[in-house]
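J.: structure for the following, please:
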Amino acid sequence: MKKLYPVGLIAFSLFFLFDADPLAGQSQVNILQADRAEGGFVDGQRVRKILGNVILSTENMTMETDSVYQFADRNLLMAFNNQIETENEMIWADTLYHNTLTEFSQMRGRVIIQSEQNIMFSDSLDINQKLDLAIFNVPVRFEDDQGTLIAETGLYYQALDSAVFRGNVQLADSTQYLEADSLYMNRSKELYELHGQVYADDFEENVRFSGEYLYADSLGYRLLERDAWLMEINEAGTDTTHLFAEKIELLETDTTSFMDAYQNVRIWSPRFSAVADTAHFRDDIEQFILKSNPILWQKKMQLTGPYIEAYLENDDLKFLKSHPRPIIVQEDSATGRLHQMTGDTLHAYFENGTIDRLIVFDNSESIFHNRDEDDQPDGLMEMISAGPLTMYFTDGEIDSLVAKRNIDGTYLPEDPVNIERQLDNFSWEPELRPQRPDPREPRLPPIPEERPFDMPPRYILYMENLITTEN
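T.: Numbers count the residues shown, from 1 in each chain. Coordinates of the predicted model:
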């Protein structure tokens, strides 16, 4: 449980900046090349046609296309088999529809946007240049030199540098994988929100997590809510720790990470398990604190107390502290009877993950069940002390009890009446102990390596020329 924290989100430079205003009415359009130009009618509408190896330019872009149709009465331009070059992007689309009055463009069929940061693929893209809005109303795919994002639909608002993706959103690179029903992001603020069936796998940190909502920002803060789950595999790959809660918060600094879990907190590891309403974790000193009805189990031992503070070493328990008036109960491995120990404050010390000694301070009480030479039950010892009481262990089994002040001890012989004796604050609830859970898995298939369509001829030619130029 050294680094139970959510994976950092992939921060793609996701979107091209559509600065160009191709063929807009207020722009001067220059015809640099065309086989011919002619007028005519299409479906009764007056059309000006520019045909054959057309190259057009404005102040902001150069466009190569097979043909351009200008519908004079509809403020509409249509262009086919297009390649558009702007200051920031190269754009390809089978068909371009552009309204010169509203400055609304529609690209249909094998739309590709390539910038220095990334490349985008979709069969449909709408651009509202007056609103600085890009709309992906069919599946879209982004790639950069580190990873890939895909979604069923998307929306990008350039003025706020913000985007929303919906429908089976997936992000992946060589270090991590993330999926959700939807993703909101503001790149300039480095703010991300994922909604619905969130799942992530951090390959570098060996951490997986899931929930219904994830928030992440540039300050290192993470919030995972609603059926939140975290799983960490230790560096050796031998131990797995699971954390469940309704809400998990994480704050990472340059030196450590802090994590808080709230509501129905459950922890399971091969070394110990616990439940509580609240848990606090600190990475640098390997500390966790359990509050509000906490219970901690280790091997055959259960610790119950209002406040439990634990320290780890190599993923094993090293030290436990609990107060006020905690109780620790241990099941005897031979007889199954329950040893009990309570006091105002409890300290527990472990060696290599095995209990070594317990100390309860002030107003201490204990019940210790004896065994005879044949490991058969042989009565019990009740002891109270105004001062500290120490219980020593050998190989995890109780060896002896030591009390030093105002001691009152009583031996009760083996008798059915005495077997069920309990301290006033006795608590033994093995049915609440978390069991080893099954790891959660991605619900979506892996992101396909292949792109969503065959590349258009102009794109293929452009890439071939680019490679030739670089060589």
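
J.: contacts only, for the residue lying closest to residue 143 once chain neighbours are set aside.
T.: Leaving aside its sequence neighbours, residue 143 sits nearest to residue 119 (Cβ to Cβ, 6 or more residues apart in numbering; 5.2 Å). C-beta here means a position set from N, CA and C on the backbone, and glycine is covered the same way. For residue 119, the contacting residues are 112, 113, 142, 143, 144, by Cβ atoms under 8 Å, 6 or more residues apart in numbering.

J.: name the residues of stretch 250-263 that are buried.
T.: Using 16 or more other Cβ atoms under 10 Å as the test for burial, stretch 250-263 gives 250, 252, 257, 258, 259, 260, 261, 262, 263.

J.: re the thing from before, beta partners of the residue nearest to residue 143?
T.: Under DSSP bridges, the beta-bridge partners of residue 119 are residue 114, residue 143.

J.: again, but for the one 5 residues further on
T.: Bridge pairing for residue 124 (DSSP bridges) gives the partners residue 108.

J.: quick check: it touching residue 105?
T.: No: distance between residue 124 and residue 105: 11.6 Å, which falls outside the contact criterion (Cβ atoms under 8 Å).

J.: buried residues in the lengthiest helix in the chain, which are they?
T.: If you go by DSSP state H, the chain has its longest helix at helix 457-470. Residues 458, 459, 462 are the ones in helix 457-470 that count as buried (16+ other Cβ under 10 Å).

J.: same check, this time on stretch 283-294
T.: So, applying 16+ other Cβ under 10 Å, buried residues of stretch 283-294: 283, 286, 288, 289, 290, 291, 294.

J.: do stretch 116-133 as well
T.: Across stretch 116-133, burial judged by 16+ other Cβ under 10 Å covers 118-129, 133.

J.: alpha carbons of it, in CSV - could you do that?
T.: Written as CSV, here are the backbone C-alpha positions of stretch 116-133 (Å, rounded to 0.1, in the frame of the first residue of the first chain):
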residue,chain,number,x,y,z
GLU,A,116,2.6,19.2,-35.2
GLN,A,117,1.1,17.7,-32.0
ASN,A,118,-1.3,15.0,-33.3
ILE,A,119,-3.4,13.6,-36.1
MET,A,120,-7.2,13.1,-36.0
PHE,A,121,-9.4,10.7,-38.0
SER,A,122,-13.2,10.8,-38.4
ASP,A,123,-15.8,10.4,-41.1
SER,A,124,-17.6,13.6,-40.1
LEU,A,125,-16.6,17.0,-38.7
ASP,A,126,-18.6,20.2,-38.4
ILE,A,127,-16.9,23.6,-37.8
ASN,A,128,-18.8,26.6,-36.6
GLN,A,129,-16.2,29.3,-37.0
LYS,A,130,-18.3,32.1,-35.5
LEU,A,131,-18.6,30.1,-32.3
ASP,A,132,-15.1,28.5,-32.5
LEU,A,133,-16.8,25.2,-32.2
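
J.: now do it, average pLDDT.
T.: Mean pLDDT, computed over stretch 116-133, is 88.

J.: burial count for residue 403?
T.: By other Cβ atoms under 10 Å, the residues close to residue 403 number 20.

J.: who is it paired with across the strands?
T.: In beta-bridge terms (that is, DSSP bridges), residue 403 pairs with residue 389.

J.: swap in residue 410?
T.: Beta-bridge partners, per DSSP bridges, of residue 410: residue 382.

J.: is it true that it touches residue 382?
T.: Yes: under the criterion of Cβ under 8 Å, residue 410 makes contact with residue 382 at 4.7 Å.

J.: which of these two has more neighbours?
T.: For residue 410 versus residue 382, neighbours defined as other Cβ under 10 Å are more numerous around residue 382 (17 against 9).
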